[in-house]
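got a sequence here, can you model it:
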Amino acid sequence: MVQNQDMETWLAAGNDELWELVERHSLEREVFSSFKQIYYDMSLMLKSCFLYLSVFPRGSDIDKDELIRQWIALDLINSSRHGTLPAFLHGEMFIEALVSRSFLQIVNTSLVSC
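Numbers count the residues shown, from 1 in each chain. Below you'll find the model as predicted:
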């Protein structure tokens, strides 16, 4: 969105919320189309786990194991729905999937950041 812009624009963009950048640069379709495609390509259970992250403020550090336990307690992931693998392993796989899509970031081995 700030391609071919000066350094001040780049620095200001880093401090803005995404929707402010979209309004300022009129790039809503371009920006959100790639996010929409990534979201729509997720499985229903992964979408549910991703949407649960909205309860945490942006930039929160979250204990990975605790997050997976919360997903399991809320029945967002359940081994009976996923075959023979344990639910906790599926939680780990969902964390990895969200990290690979850049929706989460690993802070250290036991924390993730949204």
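
the closest residue to residue 99 other than its chain neighbours: what's it in contact with?
Here the nearest residue to residue 99 in space, its sequence neighbours aside, is residue 106; by Cβ to Cβ, 6 or more residues apart in numbering that works out to 6.0 Å. All C-beta spots, glycine's among them, are computed from the backbone N, C-alpha and C. Residues touching residue 106, when contacts are defined by Cβ atoms under 8 Å, 6 or more residues apart in numbering, comprise 99, 112, 113.

elements contacting the helix or strand harbouring the second one?
When secondary structure is defined using DSSP states H and E, the element that contains residue 112 is strand 111-113. The elements that strand 111-113 packs onto, with contact taken as 3 or more Cβ pairs under 8 Å, 6 or more residues apart in numbering; DSSP states H and E, are strand 61-63, helix 64-73, strand 105-108.

nearest to residue 92, out of these?
When the helices and strands packed on strand 111-113 are ranked by distance to residue 92, counting by Cβ to Cβ, first place goes to helix 64-73 at 6.8 Å.

hmm, who's touching the closest one?
Counting by Cβ under 8 Å, 6+ apart, residues outside helix 64-73 touching it are 49, 52, 77-78, 87-88, 91-92, 94-95, 110-112.

in strands only, show me those residues.
Secondary structure from DSSP state E places 111, 112 of these in strands.

which two among the contacts of helix 64-73 are spaced furthest apart?
Pairwise distances across the contacts of helix 64-73 peak at 24.4 Å for 78 and 111 (criterion: Cβ to Cβ).

so which of the contacts of residue 106 is the most crowded?
residue 112 (21 neighbours; other Cβ atoms under 10 Å).
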